[in-house]
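K.L.:
curious how this folds, go ahead:
(3 chains)
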Amino acid sequence: MTSEPATQAPRKREYAGTDTSRLPVWQRALRWETGLVVVLVATLIFGTVRSSDFLNSTTGFYIGLNMGEIAIMALPLMLIVITAEIDLSVASMLGLSGAVMGQLHSQGWPIGLAMVAALVVGALGGALNGVLVARLGLPSIAVTIGTLTLFRGLAEIVLGARTITDFPAWITNIGVVPVPGTQLSYSTVIFLVLAIIFGVVLHATRAGRAIVATGLAPEAAQFAGIRVNRVKFGLFVLSGVMCALAGILFTLKNASVSYDAGTGLELNVVAIVLFGGVSIFGGRGTVIGVVLSVVIFGTLQQVLTQMQVQPEVQNIIIGGLLLVSVVLPNGGEAVRRLRARLRTGPHLARAPGTQRPARAVSSSDSGMKPEEKK
Amino acid sequence: MTTATSALGTRFARGGALLRAREVGIGVVLLLVFGVTTLHNHNFATANSVQQLLSGAALIAMLGVGETLVIVTRNVDLSVGSIVGLSAYVVGDLFKDHPGTPVILGFVVGIAIGAVIGAINGFVTAALRVPSLVVTLAMLYIIRGIDGLIVNGVIITSSNIPNAFIAIGFRTIAGIPWLAIIAFAVVVIVAYAMRSFRSGRDLYAIGSNPEAAALAGVPVARRVFTAFVISGSLAGLAGALFLALHAEVDVTGGTGYELLVVAAVVVGGVAIFGGSGTVVGAALGALLLNTINQALVASRVSAFWNEAIAGALLLLAIAFDRWLSLRVARGLRSAEGAHRDL
Amino acid sequence: MRNTRRLRRKVASALALAAVGVTAAACSSSASSSSGGTTSTSTSASSSAQAGSGTIKKGLLVYFIPKDTQNPYEVIADNGGKKALAELGGKVVVSSGTADTAAAQIPSIQAAIQAHANAIVIAGNDPSALCPSLNQAARAGIKIVSFDSDVTCGSSPDHLFINQANTQQIGESEVSLLAAEIGSKGQIAILSAAASATNQNAWIVYMKQELAKYPNMKLVSTVYGNDDPATSLQVLQGLLSAYPNLRGIISPTTVGISAAAQYLDTHKNLLSHLTLTGLGLPSLMRKYVEDGTVAKFELWDPGNLGYLAGYAAASLASGLASLTPGSSFKAGTLGSYTVLASTTGVGPSVVLGPPTVFDKANINNYHF
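P.N.:
Numbering: from 1, shown residues only, chains lettered A, B, ... in the order given. You can find the predicted model right below:
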């Protein structure tokens, strides 16, 4: 089997540095982001058509207010997915850190100290995930389902059935007023600052490239000197801290917290990251894509709610978008493969060993990497 | 040569025994939990309580069987919970709008709905090569939305459902609930198929090494598609049984089941990377998780501790599973080493 | 080659991030006149006008925001509200999320503000998380009415609570109803909805108070079924398993009581020592009352609750009602209602009426 048939399906892992005839990664990735821009513009136009003053600053403020915390959680999740792992415990950590902050504050701790404590809790939770996934090599999807339950359970133990509401008014204003001089909510501004930092780190520093390499080719990265385990551990800790930050903002925005804060948000965050063009196989994704995805989701929700579209239909639209976003790129390849099969004829396809068979499905379909041989 | 291969053979046999011991291990833990709790609270061992344990775990066990097939092939099906909800409601709606519907038709409709959704999942995953995590996540949203539109605020109540159907939810035969019997039958049938039929063993091959399986002539796409269809059908069946058990369904049917099922399956020893694990293990995992849940309540542990304990147990189970598979791998590797020395 | 690629990558990301920054700045610079980020169109008469004579304004837009869009009790209530506004020549928009969380209701409040609604009628999933958004709505001139589940926001914003029945009366009557059935003796438990639901917790407080009058009755546990049939069944089974000598269960939630009734219906042996009562919809409970599983339970007509809330909202928006205790307003076919003074934790409120006790004799008279 010397020559690959011209119609063979391209390899799943895009080793962009090795194949010079292909476009560099960033240019190919940018095409997905262009598509997102188109979708965003379409959504905005759609919103404006339905209601003439849709594009006012209040809408922007609301979108930012609603999506701020989710967006902040999406940034570290993006990095984790790029390393071909996943973190489903994000929303539970949001709830736990909010619960811790609320509980400590209600016991007399100054709000600043309570916030620091919440961040520490986030770091510890992230470290737990990191140890289990990076050190012990456990599958991240299973581990984070476990920690999802554990963190939520800890929040329940901390707060019980209570709702903490007495937060200082000057700080809970972040849920009501925008940052002075702009029409953006505090969480939006924090998110944008973080997005710029993440963008620079991911796309323009060695650390960022190490992260991409970890997801793209872990063994090669390891041999190249990248401490893959340390990278993953660090990302999970980072995720814990950022989710704690999101939890703090969420609690203060609502001026209240109960143990079920943020329940169910993890699926939203995962959907946003995937829709933003981050590949579940790892090794590919841009911050721009995630930012655009956040804005699209937020805008869509605003438009649809203002149009009085039922939330059930909104769910269908979100699911549909997610599905389309992955089917389109793969669907094109599937059609190509089908045409190739038809061209070479069915009789050849049946004899094993004489022709390279269709690419095995499900080799990493669920995005779960096979365990590395240590 | 022969001594090496026989040594290899013994190692394999011992490795196999170790894996099989997983199911036995779960059984042992199950009995332990049951025993300790009964010491605390004698009521835990009454007929009523045991029946509750069995029927409470039945639905998740059934979902676990389907999920095992999917996970063994290195995929995941997150849409099972919403399939349960949709199937339960549609079957209930059927009985409500057409009161004379025979009970068996209700089950057929439920399974059919699940099969259709499973087919969509399978097609997109297998034929279009889309990662199953994304597909089933998207379907979760879509099916929940469709379910909401169909429900439209109308709740199906026990007066809408024929008594014969509800009877399946609580009747017992020789003290064993019907639900448990049905779940048991499903487990036995699928376990037998997995072991004895070529197509069943193919699933393990696909999960262990998809490229090798494809080269060996396994029709990978077809097998994966079938796995999803079965998973969907079992979820549809579970939906119909959900309706029978609760005799009431609204838009919340089946919410959160997907995570419960994955947890049960993992506890039951099914490797999330595919290639190993049995449906018996998954069913036992479901039973164990439910028993622990009920045991905590029966021991009057504050309800607020339940979730944290469940999470901690799940992490322990995953870690233990990994330790076990490392031991097996090490055992096999040293056997190969012995072979190579010759 | 690598350097060019790195440079290209840096330039591209900088450009892209700049684009985002520019868009954000553009959004922020196109500020409307208000500083608080809210549209400050005042659409109704002054908020604290004395209740006066006059007619309800035509064409009012009222946003009903239930706990979620599928709760059957809330659906009936919302329909009552729609009926009220239809009689008044106004319009109701029902908007909420699918999850019973405050976060799911906030976009609906925002939509109401954007749509320049005249009033919001809301059933709060959380006592305080909605206050910031409702406050914004109030500052935009929208009247705030809460029903079913109140919000505790103090005076930010001022709002009128439409109580389905006197809170204390509900709590007390639940306990006395059960006590009468079990001979005022034995262990009892409460099967509630969500742990954070305002109305549930308010009733439970009064239940505990009333229990003090029955020294031989002991509340051993409160479990939360989250208004979800499956969870309600699960916590019920746990309850029965942990307390085998349980004599009575109060379930002040329509989903909880019907789940419990269904279980008792299929395990009739438990009825020999266990009694169930609570708040339930006659349509859901009819079967269980007729076959004797449940003897008595109570409720009120949720449609009337929504109808009253609709009239209250319209009256407030038209300046015909106010939050002053003692003032009154007309509520269509239900008659006239008087605003009650604030008490601890509850602002100005209006009470629909006493709860109705349903039993075998009268259950067939009710169709909701």
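K.L.:
need the pLDDT of the residue nearest to C:Gly124 when sequence neighbours are not counted.
P.N.:
Using Cβ to Cβ, 6 or more residues apart in numbering or on different chains and skipping residues adjacent in sequence, the residue nearest C:Gly124 is C:Val151, 4.1 Å away. Heads up, the C-betas are built off the backbone N, CA and C, glycines and all. C:Val151 is assigned a pLDDT of 90 by the prediction.
K.L.:
repeat that for B:Tyr257.
P.N.:
90.
K.L.:
and A:Pro357, by the same measure?
P.N.:
At A:Pro357, the predicted lDDT confidence score is 47.
K.L.:
and B:Val249, backbone torsions?
P.N.:
Dihedral pair for B:Val249: phi -150, psi 140, per degrees, to the nearest 10.
K.L.:
can you pull the contacts of it?
P.N.:
Going by Cβ atoms under 8 Å, 6 or more residues apart in numbering or on different chains, B:Val249 touches B:Gly85, B:Ala88, B:Tyr89, B:Gly92, B:Ile155, B:Ile156, B:Phe242, B:Leu243, C:Pro229.
K.L.:
and C:Asn216, by the same measure?
P.N.:
Contact analysis of C:Asn216 by Cβ under 8 Å, 6+ apart lists C:Ser184, C:Lys185, C:Gly186.
K.L.:
among those residues, which one has the most neighbours?
P.N.:
Within these, most neighbours by other Cβ atoms under 10 Å in any protein chain shown means C:Gly186, with 20 neighbours.
K.L.:
next one: the closest residue to that one other than its chain neighbours from A:Ile70, what distance?
P.N.:
With Cβ to Cβ, 6+ apart as the criterion, C:Gly186 has its nearest non-adjacent residue at 3.0 Å, and that residue is C:Arg247. Distance, C:Arg247 to A:Ile70, by Cβ to Cβ, to the nearest Å: 47 Å.
K.L.:
C:Asn226 too?
P.N.:
Relative to A:Ile70, and taking Cβ to Cβ, C:Asn226 is found at 23 Å.
K.L.:
tell me which of these two has more neighbours.
P.N.:
A:Ile70 (26 against 22).
K.L.:
and the pLDDT for B:Thr10?
P.N.:
Here the pLDDT value assigned to B:Thr10 is 58.
K.L.:
follow-up on the earlier one: which two in the contacts of B:Val249 are spaced the farthest apart?
P.N.:
Spanning the widest gap among the contacts of B:Val249 are B:Ile155 and B:Phe242, at 14.1 Å by Cβ to Cβ.
K.L.:
looking at those two, which one has more neighbours?
P.N.:
B:Phe242 (29 against 25).
K.L.:
check contacts around that one.
P.N.:
Contact partners of B:Phe242, counting by Cβ under 8 Å, 6+ apart, are B:Leu59, B:Val84, B:Ser87, B:Ala88, B:Val249, B:Gly253, B:Gly254, C:Ala230.
K.L.:
go ahead and confirm the third one touches B:Gly236.
P.N.:
Spelled out, that is B:Ser87. Yes: in terms of Cβ atoms under 8 Å, B:Ser87 counts as a neighbour of B:Gly236; the distance is 4.4 Å.
K.L.:
residue 157: neighbour count?
P.N.:
In the absence of a named chain, this looks at chain A. The burial count assigned to A:Ile157 is 17, neighbours taken as other Cβ under 10 Å.
K.L.:
wrong chain, I was asking about chain C
P.N.:
Counted with other Cβ under 10 Å, C:Pro157 comes out at 22.
K.L.:
repeat for A:Leu79
P.N.:
When neighbours are defined as other Cβ under 10 Å, A:Leu79 has 32 of them.
K.L.:
what about it, distance to C:Ala361?
P.N.:
Distance from A:Leu79 to C:Ala361, by Cβ to Cβ: 66 Å.
K.L.:
find the centremost residue of chain B, please.
P.N.:
Chain B has B:Gly64 as the residue nearest its centroid, 0.2 Å off, counting by Cα atoms, centre = their mean.
K.L.:
please apply the same query to chain A.
P.N.:
Centroid-nearest residue in chain A: A:Val273, 3.3 Å away (criterion: Cα atoms, centre = their mean).
K.L.:
packing partners of the host helix or strand of that one?
P.N.:
Element membership for A:Val273, per DSSP states H and E: helix A:265-275. On a contact count with 3 or more Cβ pairs under 8 Å, 6 or more residues apart in numbering or on different chains; DSSP states H and E, helix A:265-275 meets helix A:57-82, helix A:90-106, helix A:287-306, helix A:311-344, helix B:132-151.
K.L.:
and with 10 Å instead?
P.N.:
helix A:25-50, helix A:57-82, helix A:90-106, helix A:140-159, helix A:228-254, helix A:287-306, helix A:311-344, helix B:132-151 (3 or more Cβ pairs under 10 Å, 6 or more residues apart in numbering or on different chains; DSSP states H and E).
K.L.:
and the longest one, anywhere near chain B?
P.N.:
Yes: under the criterion of Cβ under 10 Å from any Cβ of the partner chain, chain B is reached by helix A:311-344 at A:311-335, A:337-338.
K.L.:
filter the residues you listed by proximity to chain C?
P.N.:
With Cβ under 10 Å from any Cβ as the criterion, the residues of helix A:311-344 next to chain B include A:Pro311, A:Glu312, A:Gln314, A:Asn315 near chain C.
K.L.:
tell me, how many residues neighbour whichever residue of the stretch 101-250 of chain C sits closest to chain B?
P.N.:
Closest contact between the stretch 101-250 of chain C and chain B, by Cβ to the nearest Cβ, is at C:Gly238 (3.3 Å). Using other Cβ under 10 Å, C:Gly238 is surrounded by 23 other residues.
K.L.:
what of A:Arg162?
P.N.:
As a measure of burial, A:Arg162 has 17 neighbours, counting by other Cβ under 10 Å.
K.L.:
and it, what does it touch?
P.N.:
Residues near A:Arg162 by Cβ atoms under 10 Å, 6 or more residues apart in numbering or on different chains: A:Ala99, A:Gly102, A:Gln103, A:Ser106, A:Val257, A:Ser258, A:Tyr259, C:Ala195, C:Ser196, C:Asn201.
K.L.:
how many residues are close by the last one?
P.N.:
Neighbour count of C:Asn201, defined by other Cβ under 10 Å: 19.
K.L.:
for the stretch 1-150 of chain B, what spans make up the strands?
P.N.:
With strands called from DSSP state E, counting those that start in this stretch, the stretch 1-150 of chain B shows none.
K.L.:
same thing with chain C?
P.N.:
If DSSP state E is used as the criterion, the strands of chain C fall at C:61-65, C:91-94, C:119-122, C:143-147, C:160-163, C:186-192, C:217-224, C:246-251, C:275-278, C:297-299, C:328-330, C:336-338, C:349-351, C:356-358.
K.L.:
the last one packs against which elements?
P.N.:
Contacts defined by 3+ Cβ pairs under 10 Å, 6+ apart place strand C:356-358 against helix C:282-290, strand C:297-299.
K.L.:
which of these sits closest to chain A?
P.N.:
Taking Cβ to the nearest Cβ, helix C:282-290 is the member of the helices and strands packed on strand C:356-358 nearest to chain A, at 22.4 Å.
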